[in-house]
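In: Sequence and predicted structure are below.
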Number of protein chains: 4
Amino acid sequence: MVGQVSDIAPHIEQRLPRTQSRDARRLQVIEATIETLAERGYSRATLTEVARRAKISHGLVLFHFQSKENLLAETLAFMAEEYHQNWKGAIAGQTGDPAAELHALILADFAPAVCTRHKLAAWTAYWGEAQSLPVYQEICGQKDGEYIAVLERISQDLLLRAGRHNDPATLARILRLTQEGTWMDITTMSEPYSFDVARETVLECARLLFRDQFPY
Amino acid sequence: MVGQVSDIAPHIEQRLPRTQSRDARRLQVIEATIETLAERGYSRATLTEVARRAKISHGLVLFHFQSKENLLAETLAFMAEEYHQNWKGAIAGQTGDPAAELHALILADFAPAVCTRHKLAAWTAYWGEAQSLPVYQEICGQKDGEYIAVLERISQDLLLRAGRHNDPATLARILRLTQEGTWMDITTMSEPYSFDVARETVLECARLLFRDQFPY
Amino acid sequence: MVGQVSDIAPHIEQRLPRTQSRDARRLQVIEATIETLAERGYSRATLTEVARRAKISHGLVLFHFQSKENLLAETLAFMAEEYHQNWKGAIAGQTGDPAAELHALILADFAPAVCTRHKLAAWTAYWGEAQSLPVYQEICGQKDGEYIAVLERISQDLLLRAGRHNDPATLARILRLTQEGTWMDITTMSEPYSFDVARETVLECARLLFRDQFPY
Amino acid sequence: MVGQVSDIAPHIEQRLPRTQSRDARRLQVIEATIETLAERGYSRATLTEVARRAKISHGLVLFHFQSKENLLAETLAFMAEEYHQNWKGAIAGQTGDPAAELHALILADFAPAVCTRHKLAAWTAYWGEAQSLPVYQEICGQKDGEYIAVLERISQDLLLRAGRHNDPATLARILRLTQEGTWMDITTMSEPYSFDVARETVLECARLLFRDQFPY
DNA sequence: GATGAATGAGCCTTCATTCAT
DNA sequence: GATGAATGAAGGCTCATTCAT
């Protein structure tokens, strides 16, 4: 399944001479799946609803994705890859200054490419099922690990510069949980705050954790 | 439904001897429901599985809870009430010192009464569906609001003592998201950390946010 | 079952030293059954609803009637016996004049003892199931036959007096169907006519069929 | 629902070739439903039995009819429309002579298209539930009203010709109840009479009500 | 590619019936 | 007598999946 999942990765892009219509159709279905997860949650997501949103027959959805399980896996893989590319791209443009990298990382997490209400809601739906969905780790485990490793490296750099001896893993975890948490709040709260408040919350978290070392 | 939900409140306890067996059975089913949510997630939770774990017929589950929807709502209400009583009890024993209150609050969130793997996993399952489960807000909205209000009041007190001008709501949010986040990590991660590490993470978060004002 | 059914016959009355409360309770349940059939129809009639209307537990309903099937059979037997006694009593008071007998018969069919909305609706419910309810014939077959025989005898008498040669069975059938039909109309029509109109319809039918021989 | 029901109208017929197989299947299921109602009555009619008789899966029954409730409503709508078309067609061929119209109407009610044992039994099943089945009036109310109106108009014409002053509505009612009643007798009686006897009964009823004005 | 008829597993739910108290 | 907890058979319904066209 992992192989099947990774071979969609539309981020690596058209190396194979696939017809554009095929990928376009697949992308269309994946977006419909994200919408469906956002609107109805994981437990109420059905192929019929996905097909309705994609304006195609449910038969065609399965023609492209073989099974519901695979569709949900590929949709998760799509979002994971998109998220991964997004933050990798953001820090790639940095000169190696850890504070600038952290700043770029936080801004990236709230960039319109990855941070839409539908996608946040879809992430929340996946997280709720992650524990009983082994494929979640297969798809996201390594990427999540990479993200954590970068956050920890940045934390360590910033703490070193300040001569502090806090545990960088703990600070990295607080940062990550604060960011993920604002995403869930936006999805879940009855009167959620805005994306701007969410981003500011994470930035403030970074300021409080790293003090003068994070002058943003 | 809310009325129906709140009147189960097994926390107020069995005054009538006649209903004792009734309440005992209901509690048994609620525990089986928590286990089921933990093991299978929201989307795969079935009445048959709940009944199997409670070692009763599925008919009896519905005899006591009328419908699956109501069972899930009452189970959530049970956990929400239990969680609420737990932290309220923890700060009730404090003398009014905000740091001590915050410390008690954090310890309470990791007390065995509310912090078991099954319950954490059940919470995660509910959070994943919360957005498309209107009853979630009906049951948890007010209690969540109270918890946030207390955290904000404590944050404000601690900031005032230090003469700092950060936004207490933001700090309260970071604390809450860090705590909730560790709960989700324990449920979701492939190699999760321990309850001890989780609690220490939240304590460290409080130390970093409030510095000398949180000497624990 | 037939034996079981006939031994309730509360019309034959207390020969056995049954406790009054037993028969009273049974009658109460039968009345609740009639109401239930009237309100919900045969297919939606449940023991729980019968018990609710009789203000007793469903367990007690079965204690008295052994099974739902038997309860419905005994209720039908009760109504059949009541109806039978009613018209037999009505013509018993007549001097043997067929027109007077027919008049008494028609009036009896609309007497308050047997002609209430609930009972009419219950009869309609039974008729709808009669074809696939073998017990219906066991309970009502003979009594219906007796009623038809009396109607035919009266018809024959009246025709003889007039020297007409129509088929008395046919005229008896038209009379019977008109009477039964008004009962169904009252139950079934969206804007049903009154009992008075129903009775007048049957009387008019008799007048048209027997002309001068039926001067009522 | 009424809209949904009326749009099946297989009487308007298959103009689109694409839906032909769809309509054929629906008709097949409706016929199986009529058989099921006839054999088992309303209360014991199940989708599984309908599917078994139609030799398809129960899933397909619901695919075409959405729910059992709707299937039963559409089956009733089918029979009501078929009955309506049948008698409308019968009097349409008449020259306006009321006696001839009445004669055609009575013959039509016993024509093989509408008067089969299965259909009579299905009608009886519906009548038994009509009182607690609001959809019955929605489907049949207007059509029944039209039938009654025609019968009353014919009655009035015939009475006028004879210079009689009986109430035409009452005579129309007697005719209608006699006809409906013979249908029920055929379904319900332990030893029912034949269709021929039934038709002759209604014709005799017309003769007795309208005398010389109905010379058939 | 694309549609939608068709299947059947699995679910929730109802409800008659049993039985301990 | 009387209650209500408990069971399980049976039904309606959803929906992923298959497949003929």
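Out: Cool, got the structure. Note that the coordinates shown come from a computational prediction; the quantities given were computed from them, not determined experimentally.

In: Centre of the chain to the helix ranked longest in chain A, how far?
Out: For chain A, the helix that runs over the most residues, judged by DSSP state H, is helix A:134-162. In this view, helix A:134-162 has its centroid 13 Å away from the chain centroid, taken as Cα atoms, centre = their mean, to the nearest Å.

In: For that helix, name the packing helices and strands.
Out: On a contact count with 3 or more Cβ pairs under 8 Å, 6 or more residues apart in numbering or on different chains; DSSP states H and E, helix A:134-162 meets helix A:2-6, helix A:68-92, helix A:98-109, helix A:117-130, helix A:168-188, helix A:195-210. Just so you know, the C-beta spots here come from the backbone N, C-alpha and C atoms, and that holds for glycine as well.

In: The second one vs DNA strand F: in contact?
Out: Yes - Helix A:68-92 comes into contact with DNA strand F when judged by Cβ under 7 Å from any atom of the strand, the residues involved being A:68-69.

In: Packing partners of that helix?
Out: Secondary-structure packing of helix A:68-92 (3+ Cβ pairs under 8 Å, 6+ apart): helix A:2-6, helix A:20-40, helix A:47-54, helix A:58-65, helix A:98-109, helix A:117-130, helix A:134-162.

In: May I have the third one exported as CSV, CA atoms only?
Out: In other words, helix A:47-54. C-alpha atoms of helix A:47-54 as CSV (Å, rounded to 0.1, in the frame of the first residue of the first chain):
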residue,chain,number,x,y,z
LEU,A,47,-17.7,7.5,-1.7
THR,A,48,-21.0,8.7,-2.9
GLU,A,49,-20.5,12.1,-1.2
VAL,A,50,-17.0,12.4,-2.6
ALA,A,51,-18.3,11.6,-6.1
ARG,A,52,-21.1,14.1,-5.7
ARG,A,53,-18.7,16.9,-4.8
ALA,A,54,-16.3,15.9,-7.6
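
In: any idea of the angle it forms with helix A:58-65?
Out: Here helix A:47-54 runs at an angle of 90 degrees relative to helix A:58-65 (axes from the mean of the first three to the mean of the last three Cα atoms, to 10 degrees).

In: Return the list of helices and strands in contact with helix A:47-54.
Out: Contacts defined by 3+ Cβ pairs under 8 Å, 6+ apart place helix A:47-54 against helix A:20-40, helix A:58-65, helix A:68-92.

In: Count residues in the vicinity of residue A:107, would you?
Out: 15 (other Cβ atoms under 10 Å in any protein chain shown).

In: can you pull the contacts of it?
Out: Applying Cβ atoms under 8 Å, 6 or more residues apart in numbering or on different chains to residue A:107 gives the contacts A:90, A:199.

In: so how far is residue A:90 from it?
Out: In this structure, residue A:107 and residue A:90 are 7 Å apart, going by Cβ to Cβ, to the nearest Å.

In: Name the SS class of the residue in chain A that chain C sits nearest to, please.
Out: Residue nearest to chain C within chain A: residue A:44 (29.6 Å; Cβ to the nearest Cβ). At residue A:44 the chain is in coil, as set by DSSP: H, G, I helix; E, B strand; the rest coil.

In: Once you drop chain neighbours, what's closest to it?
Out: residue B:132 (6.5 Å; Cβ to Cβ, 6 or more residues apart in numbering or on different chains).

In: got any ranges where chain A has weak pLDDT?
Out: Low-confidence segments of chain A (pLDDT under 70): A:1-20.

In: Which residue would be the closest one in it to chain D?
Out: Counting by Cβ to the nearest Cβ, chain A gets nearest to chain D through residue A:48 (11.8 Å).

In: Against residue D:22, how distant is the closest residue to that residue other than its chain neighbours?
Out: The shortest distance from residue A:48 to any non-neighbouring residue, by Cβ to Cβ, 6+ apart, is to residue A:58 (5.2 Å). Residue A:58 is 17 Å from residue D:22, where distance means Cβ to Cβ.

In: burial count for residue A:36?
Out: Residue A:36 has 27 nearby residues by other Cβ under 10 Å.

In: That one against residue A:49, yeah?
Out: Yes - with contact defined as Cβ atoms under 8 Å, residue A:36 counts as touching residue A:49 (5.0 Å).
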